[in-house]
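Trainee: next one to model:
(one chain, ligands or ions: 1)
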Amino acid sequence: MRRHFRAVLLAVIAVVLVIDPWDASAESSIWSRIQGFVGGARYRFQGVAGPDGATTVSQPVPADWHRFDEGASSRLAILLTDPASDWLALAHGLRTIGVPFTITDDYRKALTHRVVFVYPRVSGQVLSSQALKALADFPKQRGTLIAQHVLGGGLNALFGFDEAEPEAATQLRFLGDSALTRGLDDPAETSIRIGGRQVAPVGSYAYSNPKRPPLAVYQDGRAAILNDETGRAYAFGPDLGYLLARGYNNRQQDIARDYVNAFEPTLDVLLRVVRNIYRSGEPNAVTLATVPDGKPLSVLLTHDIDYTRSLTNALNYAAFEQARGISATYFMQVKYVRDWNDDVFFTDEGVKTLQKLRATGMEIGSHTISHTRAFRTFPLGDGTERYPDYAPFVRSKIVAENGTILGELRVSRFLLEHFLPGYRVSSFRPGHLANPYALPQALTATGFRFSSSVTANDSLTHLPFQLTYSRETVAETPIFEFPVTIEDEADGPMLDRLPQALGLAERLKRYGGLFVLLIHPDVLDQKLEFEKKFVESQGDGVWYGSVNQFGEWWGVRDQVQVDAIEKGGRVVLTLSAPQPINGLTLDLPDAWSLVAAPAGDPIVPQGNRLVLGFFSGKYELIFKKTP
Ligand SMILES: [Zn+2]
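Mentor: Modelled structure (predicted):
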């Protein structure tokens, strides 16, 4: 969409003299206006300037595992043996998959739970001899034990192997059927990617000379997961936290086979395995489903407006979505600088169209100002960037000048909110999914809450997750990420790819995945046709919402606490939600029947599921267990 600036230069000289939306505030001569035009003329909204005040990015606050040290013994207990590990990514993963958990460094406390996950390692260096003996006895007392990296302390006898040895494999394969692998029936799930050529194989161990057949092996045939003789203890060879952090922090390098438009469920499989073990070992295991309203799939329709014609085309997409009762998300490039990319389209005229789009009930998010790959290496900025002075200029495919991360975020948000009075912009997607390391904390500082800045394949997951400071492992941010599943540009005309997209949706429905569709409304025809056909094929069978709607729901679900206490054949299940939530769905153990619930919205049973109505704060349900 490159413009031939010089070819239209003469025409523009005349225009500059007549109308004055082009910024020439500090420049008086015609010639300086022309130079400004060549160097990136700004569209000037009269009387608009801001935002006021400065943005401060806070310093990282290291996450403290003690915050997770709470709850009843029905939860999975993580026995943390080294706080300098990827426990935070593991905690985020367990939140995502909906397993209630606690974290402790006290083995006695951990062993009051029925399912214990020793993370990140078992060895005489991190556990006392009493603790090691108690862990070894735990499965015999009907406890379920996940022991990651059994490196010493005599527990190799429990699992029946000789040595734990560093392992450089890139694939892990589950063997046979067990409680562990329930629901893993896709070839991409029974064999998962855990490493790549560029990723140093940190964190995996193989167990040598196993006496029992392994439950999972690496591609070299060495044992990756072993059972004990009771079948209730598991020795894990890969490091779950490390792999989760690789994916969530967008640092997978070449673990994934594809960048986008494919199925790459590494993290989902590992989390489902832990959930399977928890559900089989804890009789009162209640887990949170990942999709609202008991539906099998969350579908977020998203559009990036980053081209002149896309804005008016967007109204056609919105008309279809509105007619179907769907709120989609439109990420709007706030394009008031003319540059190598394109002409300006965030103008008085463009703003009118944007207001019409918003009036159809669609979410408006930010798609930056400059829309450049160079965003990935932009400096953070000083937080005082303001319209109209902030004027990033894109010079080529990879070169952009005068841009900052904070400038892109705070100025785009300011202008969108200025022209959408009373509206709060909460979602962000960068152009080209250029993802600077400082993005999570910059989003936090500028008031964004939701991000769709990476692809699902590049994150090794088809579920949402929480972002960390600088995409590292130490500090949390409150931002949630909703990665892109299917897009319209990488692999040819998307209508031709409809069967694959529908197939992927079916695979994700088996475990409550997230399906984020990205369509640029630069054209209508085959892309709009794709969207219509996709929506028609799903009927009422999936949950639809904007990034903001899903994000609001997901953010509350992520904080919901779940505790079960059994008293004489009855189980009191206590949920606690910090904010109101609707459509939270519980997966219950077999043969539970609800005997008492608070007054309020009806609760809808769905097999072993319960779909809850609106509630907030503490919410108590009483169940009878039928033997
Ligand atoms: Zn874009």
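Trainee: contacting residues for the closest residue to the ion within the stretch 501-627 of the chain?
Mentor: Closest residue of the stretch 501-627 of the chain to the ion, C-beta to the ion: residue 520 (6.8 Å). Every C-beta, even on glycine, is put in place using the N, C-alpha and C of the backbone. Neighbour list for residue 520: 303, 304, 305, 306, 307, 310, 488, 489, 527 [criterion: C-beta atoms under 8 Å, 6 or more residues apart in numbering].
Trainee: quick one: it from residue 534, how far?
Mentor: 15 Å (C-beta to C-beta, to the nearest Å).
Trainee: give the contact list for residue 330.
Mentor: By C-beta under 8 Å, 6+ apart, the residues touching residue 330 are 302, 303, 305, 314, 318, 357, 362, 363, 364, 365.
Trainee: ok, now with 7 Å
Mentor: 303, 305, 314, 357, 362, 363, 364, 365 (C-beta atoms under 7 Å, 6 or more residues apart in numbering).
Trainee: with residue 174 instead?
Mentor: Residue 174 neighbours (C-beta under 7 Å, 6+ apart): 181, 184, 190, 215, 216.
Trainee: so which of the contacts of residue 330 sit within strands?
Mentor: Among the contacts of residue 330, the members found in strands (DSSP state E) are 303, 305, 363, 364, 365.
Trainee: name the nearest residue to whatever residue of the stretch 401-550 of the chain ends up closest to the ion, ignoring sequence neighbours.
Mentor: Nearest residue of the stretch 401-550 of the chain to the ion (C-beta to the ion) works out as residue 431 at 4.3 Å. Among residues not flanking residue 431 along the chain, residue 371 sits closest, at 3.3 Å (C-beta to C-beta, 6 or more residues apart in numbering).
Trainee: what's the neighbour count on that neighbour?
Mentor: 24 (other C-beta atoms under 10 Å).
Trainee: ok, it - contacts?
Mentor: With contact set as C-beta under 7 Å, 6+ apart, residue 371 has these partners: 306, 333, 341, 431.
Trainee: same deal with residue 482?
Mentor: Applying C-beta under 7 Å, 6+ apart, we find residue 482 in contact with 300, 450, 452, 464, 514, 516, 547, 550, 551.
Trainee: again with residue 451
Mentor: Residue 451 is in contact with 428, 443, 467, 479, 481, counting by C-beta under 7 Å, 6+ apart.
Trainee: in helices only, show me the residues you listed.
Mentor: Among those, the subset assigned to helices under DSSP state H consists of residue 443.
Trainee: interface residues of this protein facing the ion?
Mentor: Residues of the chain lying close to the ion by C-beta under 5 Å from the ion are 304, 306, 431.
Trainee: the same query, at a cut-off of 6 Å, please.
Mentor: 304, 306, 367, 371, 431 (C-beta under 6 Å from the ion).
Trainee: quick check, pLDDT for residue 31.
Mentor: We have a pLDDT of 40 for residue 31.
Trainee: go on, the one 4 residues further on?
Mentor: In this prediction, residue 35 carries a pLDDT score of 40.
Trainee: now do the contacts for residue 251.
Mentor: residue 471.
Trainee: distance check, it against residue 537.
Mentor: Distance of residue 251 to residue 537, computed by C-beta to C-beta: 35 Å.
Trainee: just the contacts of residue 371: which are in helices?
Mentor: Among the contacts of residue 371, no member lies in helices (by DSSP H).
Trainee: can you list the low-confidence ranges for the stretch 151-300 of the chain?
Mentor: Where the stretch 151-300 of the chain drops to pLDDT under 70, the residues are 199-202.
Trainee: contacting residues for the residue in it that the ion sits nearest to?
Mentor: Nearest to the ion, among the residues of the stretch 151-300 of the chain, is residue 260, at 13.6 Å (C-beta to the ion). Residues near residue 260 by C-beta under 7 Å, 6+ apart: 455, 457, 484, 487, 490.
Trainee: if we can go back for a sec, any of the contacts of residue 520 buried? List them.
Mentor: By neighbour count, with 16 or more other C-beta atoms under 10 Å, the contacts of residue 520 hold 303, 304, 305, 306, 307, 310, 488, 527 as buried.
Trainee: got a list of what the residue lying closest to the second one once chain neighbours are set aside touches?
Mentor: Read that as residue 304. In space, and not counting its chain neighbours, residue 304 is closest to residue 331: 4.8 Å by C-beta to C-beta, 6+ apart. Contacts for residue 331 (C-beta under 7 Å, 6+ apart) come out as 302, 303, 304, 305, 365, 366, 367, 429.
Trainee: wouldn't the first one be in contact with residue 515 here?
Mentor: If I follow you right, that is residue 302. No. Residue 302 lies out of contact with residue 515 (C-beta atoms under 7 Å); the separation is 10.7 Å.
Trainee: which of the three states applies to the residue nearest to residue 431?
Mentor: coil (DSSP: H, G, I helix; E, B strand; the rest coil).
Trainee: tell me the spacing between it and residue 234.
Mentor: Per C-beta to C-beta, residue 371 is found 47 Å from residue 234.
Trainee: list the buried residues of stretch 372-392.
Mentor: Here stretch 372-392 shows 372-376, 378, 380-381, 383-388, 390-392 as buried, counting by 16+ other C-beta under 10 Å.
Trainee: gap between the two ends of that stretch?
Mentor: 10 Å (C-alpha to C-alpha, to the nearest Å).
Trainee: also stretch 488-507?
Mentor: Terminal-residue distance, stretch 488-507 (C-alpha to C-alpha): 20 Å.
Trainee: what does it contact?
Mentor: The contact list for stretch 488-507, computed with C-beta under 7 Å, 6+ apart, reads 186, 259-261, 263, 297, 485-486, 515, 518-520, 526-527, 529-530, 533-534, 537.
Trainee: among the residues you listed, which ones are in strands?
Mentor: Those of the contacts of stretch 488-507 lying in strands (DSSP E): 486, 515, 518.
Trainee: out of those residues, who's nearest residue 55?
Mentor: Distance ranking of the ones in strands among the contacts of stretch 488-507 against residue 55, using C-beta to C-beta, places residue 518 first at 27.7 Å.
Trainee: domain ranges for this structure, per the record?
Mentor: Taking automatic domain parsing as the reference, the chain has its domains at 6-38, 72-288, 292-554, 559-625.
Trainee: and residue 198, what helix or strand is that in?
Mentor: Using DSSP states H and E, residue 198 is not contained in any helix or strand.
Trainee: can you tell me the closest non-neighbouring residue to it?
Mentor: residue 253 (4.3 Å).
Trainee: now do the SS call for that neighbour.
Mentor: Once three-state DSSP is applied, residue 253 turns out coil.
Trainee: and it, how close does it get to residue 518?
Mentor: In terms of C-beta to C-beta, residue 253 sits 23 Å off from residue 518.
Trainee: out of the two, which sits in the busier spot?
Mentor: Counted by other C-beta under 10 Å, residue 253 and residue 518 do not tie: residue 518 has more neighbours, with 23 against 14.
Trainee: what is the burial count for the residue nearest to residue 478 when sequence neighbours are not counted?
Mentor: In space, residue 478 comes closest to residue 444 once its chain neighbours are excluded; the distance is 6.1 Å by C-beta to C-beta, 6+ apart. Residue 444 is flanked by 18 other residues according to other C-beta under 10 Å.
Trainee: right, and residue 444 touches residue 477 too?
Mentor: Yes. Using C-beta under 7 Å, residue 444 makes contact with residue 477 at a distance of 4.9 Å.
Trainee: ok, then the element right after the host helix or strand of residue 552?
Mentor: According to DSSP H and E, residue 552 maps onto helix 547-557. Downstream of helix 547-557, the next assigned helix or strand under DSSP H and E is strand 561-567.
Trainee: count of neighbours near residue 283?
Mentor: If we define neighbours as other C-beta under 10 Å, then residue 283 has 14 of them.
Trainee: and the residue lying closest to it once chain neighbours are set aside, helix, strand or coil?
Mentor: Leaving aside its sequence neighbours, residue 283 sits nearest to residue 589 (C-beta to C-beta, 6+ apart; 6.3 Å). Using three-state DSSP, the structure places residue 589 in coil.
Trainee: pLDDT below threshold where in this structure?
Mentor: The chain contains residues with pLDDT under 70 at 1-40, 199-202.
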